[in-house]
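**Q** Got a predicted model here, sequence first, then my questions.
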Amino acid sequence: MLDIKFVRENPEAVKENIKKKFQDEKLPLVDEVIELDTKLRAAITEANDLRASRNALSKQIGALMSQAKKDPSKLEEAEAVKAQVKAQADRLAELEAQESELEGKVHSIMLRIPQMIDPSVPIGPDDSHNVEAERFGEPVVPNFPIPYHTEIMESFGGIDLDAARRVAGNGFYYLLGDIARLHEAVLAYARDFMIGKGFTYVIPPFMIHGAVVEGVMSFAEMDGMMYKIEGEDLYLIGTSEHSMIGRFIDQILPEGELPLTLTSYSPCFRKEKGAHGIEERGVYRIHQFEKQEMIVVCRPEESMDWYEKLWRYSVELFRSLDIPVRQLNCCSGDLADLKVKSCDIEAWSPRQQKYFEVCSCSNLGDAQARRLKIRVRGEDGKLYLAHTLNNTCVAPPRMLIAFLENNLNADGSVDIPEVLRPYMGGKEKLVPLAK
């Protein structure tokens with residue numbers, strides 16, 4: 001969410017940014033919100049003038065009433081001033097109602113105008129225009145066939161999709177045995193990995209109020225993702241970023257406490273509205289999963305440095321699990337409206353012989369902070385908006401796909417990298433069940 005003053009003073013820059021995001025249908029919003037803002041400021045000015053005049057007239061009435069005790073003619077003059085005050089009060093009530101209506105309209109439009117993207121963001125209409133920046137690790141295609149990931153899991157007796165479908169429908173799963181243990185091992189390892197980077201471990205609420213939803217994401221994202229609790233002002237989180245950033249709603253943070261570096265665990269719930277091909281036998285795109293997240297709240301001048309650190313932490317973690325990855329810079333049309341800059345970390349799939357997304361790192365600038373009123377008090381006592389960032393540490397369903405494919409052996413066994421063995425009871429290898 002932009003500052004209305006910025007939009008007022010830089011309308012052409014805001015329009016150009018909208019064009020770069022290929023959202024031309026939003027171009028009229030700029031002139032519309034500027035016009036509404038002009039009317040709002042005029043109403044506020046008139047209302048303030050009326051309040052000042054009313055105060056002065058009230059004092060005049062008091063003086064006239066006092067004088068009327070000696071000079072009855074002053075009573076008539078006082079009544080005339082009272083009538084003037086009454087007229088001003090009626091007009092003030094109109095203006096206050098007008099202010100409220102205009103503020104609502106301005107706020108609603110400002111929520112729809114996208115954040116200014118960073119100049120380094122590649123320009124393109126959709127994710128097909130994302131740009132590969134760097135590869136880490138050598139992608140390998142083994143000389144034996146790689147089964148589909150659910151087949152690998154089934155070879156260990158590790159997944160039951162049929163039962164999940166009977167219980168909850170498509171997009172859910174039961175994990176069992178060593179696969180379930182591997183799922184939790186990856187989460188525990190990611191937790192300790194981030195704690196080792198100096199991050200504070202957090203378990204947040206898994207439901208949030210509507211005001212927090214509005215503060216952390218765009219309407220399009222909310223409609224496509226969030227499950228609402230019927231009859232209550234509560235939504236199931238789609239990622240722990242939502243409640244983690246919401247923790248600071250309407251707060252003033254001392255500058256000396258920044259940056260806040262947090263790593264959070266949560267289940268995540270997503271409707272995946274509009275997503276095609278939720279695979280009945282797969283766990284790539286599902287309605288419920290668990291995730292370890294990275295969150296940073298910092299000073300504006302530090303946010304780009306933290307952006308670089310966060311995505312590199314993902315690379316380091318995946319490489320420690322013997323998974324080749326690449327960094328992909330997201331283009332303008334692939335950025336959600338609140339994002340200044342974003343990149344994906346994609347893992348190598350030997351089966352598909354291509355990379356697929358496993359992490360998403362985003363710098364949201366002051367967009368969430370402005371919506372949620374997350375402010376920082378500087379050493380000079382002045383207030384300014386914080387910057388917020390988030391990045392996936394690991395989301396085990398996709399992580400498991402990458403892990404199993406890249407550590408699979410020709411005999412169907414799966415190697416356990418050294419860093420993960422303490423979380424797997426010292427196991428060095430998973431061996432398929434005898435048929």
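**A** Structure received.
**Q** Figure out how far stretch 303-318 is from the centre of its chain.
**A** The gap between where stretch 303-318 is centred and where its chain is centred comes out at 17 Å by CA atoms, centre = their mean, to the nearest Å.
**Q** Flag every buried residue along it.
**A** Residues of stretch 303-318 classed as buried: 303-304, 306-307, 309-315, 317-318 (neighbour count, 16 or more other CB atoms under 10 Å). For every residue, glycine as well, the C-beta is placed using N, CA and C.
**Q** Dump those residues into a markdown table; add pLDDT and distance to Val340 as well.
**A** As requested, these are exported to a markdown table (pLDDT from 0 to 100; distance: CB to CB, whole Å):
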| residue | pLDDT | distance to Val340 |
| --- | --- | --- |
| Ser303 | 97 | 8 |
| Met304 | 98 | 9 |
| Trp306 | 98 | 12 |
| Tyr307 | 98 | 9 |
| Lys309 | 98 | 16 |
| Leu310 | 98 | 13 |
| Trp311 | 98 | 14 |
| Arg312 | 98 | 18 |
| Tyr313 | 98 | 19 |
| Ser314 | 97 | 18 |
| Val315 | 97 | 21 |
| Leu317 | 97 | 24 |
| Phe318 | 97 | 24 |
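**Q** By mean pLDDT, point me to the weakest helix or strand of this protein.
**A** Within the chain, judged by mean pLDDT, DSSP states H and E, the helix or strand with the poorest mean is helix 219-225; its value is a mean of 76.
**Q** for it, packing partners?
**A** Using 3 or more CB pairs under 8 Å, 6 or more residues apart in numbering; DSSP states H and E as the contact test, no helix or strand touches helix 219-225.
**Q** circling back: mind listing which of the buried residues of stretch 303-318 are in helices?
**A** Under the assignment DSSP state H, those contribute 303-304, 306-307, 309-315, 317-318 to helices.
**Q** all helices for the stretch 151-300 of the chain, in order.
**A** All helices of the stretch 151-300 of the chain, identified by DSSP state H, counting those that start in this stretch, fall at 161-168, 177-196, 210-216, 219-225, 240-246.
**Q** from the ones in helices among the buried residues of stretch 303-318, which is closest to Cys361?
**A** Checking these against Cys361 by CB to CB gives Trp311 as the nearest, at 4.0 Å.
**Q** how near is the closest one to Asp344?
**A** Distance of Trp311 to Asp344, given as CB to CB, to the nearest Å: 9 Å.
**Q** Which neighbours do these two have in common?
**A** Common neighbours of Trp311 and Asp344 (criterion: CB atoms under 8 Å, 6 or more residues apart in numbering): Gln327, Cys359, Cys361.
**Q** which of these tops the neighbour count?
**A** Cys359 (28 neighbours; other CB atoms under 10 Å).
**Q** That one reaches Ser314, doesn't it?
**A** Yes: in this structure, Cys359 is within contact of Ser314 by CB atoms under 8 Å, at 4.4 Å.
**Q** shared neighbours of the two, anything?
**A** Contact criterion CB under 8 Å, 6+ apart; residues bridging Cys359 and Ser314 by contacting each: Ile345, Asn391, Thr392, Cys393.
**Q** now for the helix or strand containing the third one, which elements pack on it?
**A** Here Thr392 sits within strand 387-394, counting by DSSP states H and E. In this structure, strand 387-394 packs against helix 177-196, helix 240-246, strand 288-298, helix 303-320, strand 354-363, helix 367-372, with contacts taken as 3+ CB pairs under 8 Å, 6+ apart.
**Q** how far out from the middle of the chain is whichever helix or strand comes after it?
**A** Of the helices and strands lying after strand 387-394 in sequence (DSSP H and E), the nearest is helix 396-406. Its chain's C-alpha centre and that of helix 396-406 lie 24 Å apart, by CA atoms, centre = their mean.
**Q** can you check stretch 171-182 too?
**A** Worked out by CA atoms, centre = their mean, stretch 171-182 lies 28 Å from the chain centre.
**Q** Run through who's touching it.
**A** 153, 156-161, 163-165, 183, 272, 278, 283, 285-288, 397, 400, 403, 424-425, 427, 430.
**Q** quick one, what contacts the nearest residue to Ala402 once chain neighbours are set aside?
**A** Distances taken as CB to CB, 6 or more residues apart in numbering put Ala347 closest to Ala402, at 3.7 Å, once the chain neighbours are dropped. Going by CB under 8 Å, 6+ apart, Ala347 touches Phe318, Ile323, Pro324, Val325, Tyr355, Phe356, Val358, Arg398, Met399, Ile401, Ala402, Asn406.
**Q** Distance to Lys197 for these - can I get that in TSV?
**A** Shown next, in TSV, are the contacts of Ala347 (distance: CB to CB, whole Å):
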residue	distance to Lys197
Phe318	15
Ile323	19
Pro324	22
Val325	18
Tyr355	24
Phe356	25
Val358	18
Arg398	21
Met399	18
Ile401	25
Ala402	21
Asn406	23
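**Q** ok, of the residues you listed, which come out buried?
**A** Judged by 16+ other CB under 10 Å, buried ones among these: Phe318, Ile323, Pro324, Val325, Tyr355, Val358, Arg398, Met399, Ile401, Ala402, Asn406.
**Q** From Pro145, how far off is the third one?
**A** Right, the one you point to is Pro324. Pro324 sits 19 Å away from Pro145, going by CB to CB.
**Q** circling back: give me the buried entries from the shared contacts of Cys359 and Ser314.
**A** Counted by 16+ other CB under 10 Å, the shared contacts of Cys359 and Ser314 give Ile345, Asn391, Thr392, Cys393 as buried.
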